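Participant: mind folding the following:
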Amino acid sequence: MLKNTILNSCLIETLCRLGHTQTLCICDAGLPIPPESKLIDLAFLPGYPDIYTVTKGILACTPIEKVYCAQESISFNTAFTVFLEQHLDCEISFISHDTLKKMSCSCVAYVRTGECTPYANIILQAATSF
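Facilitator: Next up is the predicted model:
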């Protein structure tokens, strides 16, 4: 057991195995997930857990060098865009939502939240801790 960290064992294992430049998708409750993809389903009720809490937890223990986000979130989910700009100390690349969905297919895993706001999906690209 780990102290003061993420409790979900599947998520911890995935984060520990994440190598430099590999990607992880943190998504809302509605993002289509290919059947063959690894899914860490944290969704419980609409809005719970929210993407903000899950993202902050992952960022607290995982080195990230780049984040991909839907450019549509700039107009349709301003709060999410502001959150990312405030909590990330790496490059944010805004791409179309369609491109993000296609790009997510190569992610190591999807972490599904209960988030139900539009365009609340991100892809994190792992950095190294050294």
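Participant: okay, now C61: neighbour count?
Facilitator: When neighbours are defined as other CB atoms under 10 Å, C61 has 14 of them. Heads up, the C-betas are built off the backbone N, CA and C, glycines and all.
Participant: so what's Q86 up against?
Facilitator: Going by CB atoms under 8 Å, 6 or more residues apart in numbering, Q86 touches no other residue.
Participant: F83 is in contact with V67, correct?
Facilitator: No. Counting by CB atoms under 8 Å, V67 stays clear of F83, with 11.4 Å between them.
Participant: which of those two has more neighbours?
Facilitator: With other CB under 10 Å as the criterion, V67 and F83 differ in neighbour count, and V67 comes out ahead with 21 against 17.
Participant: how near is that one to F44?
Facilitator: 25 Å (CB to CB, to the nearest Å).
Participant: and for P63?
Facilitator: From P63 across to F44, the span is 28 Å (CB to CB).
Participant: likewise I64?
Facilitator: For I64 relative to F44 (CB to CB), the value is 25 Å.
Participant: and these two? which has more neighbours close in?
Facilitator: Each of I64 and F44 has its neighbours counted (other CB under 10 Å); I64 has more, 20 against 11.
Participant: looking at the more buried one now. What's its pLDDT?
Facilitator: Per-residue pLDDT puts I64 at 97.
Participant: how many neighbouring residues does the closest residue to it other than its chain neighbours have?
Facilitator: Once flanking residues are discounted, I64 sits nearest to L124: 4.9 Å by CB to CB, 6 or more residues apart in numbering. Residues lying near L124 (other CB under 10 Å) number 26.
Participant: now do the contacts for L124.
Facilitator: 23-26, 58, 62, 64, 66-67.
Participant: so where's the protein uncertain?
Facilitator: Along the chain, segments meeting pLDDT under 70 span 1-2.
Participant: taking the centroid of it, which residue is nearest it?
Facilitator: In the chain, the C-alpha closest to the average C-alpha coordinate belongs to I26, at a distance of 2.3 Å (CA atoms, centre = their mean).
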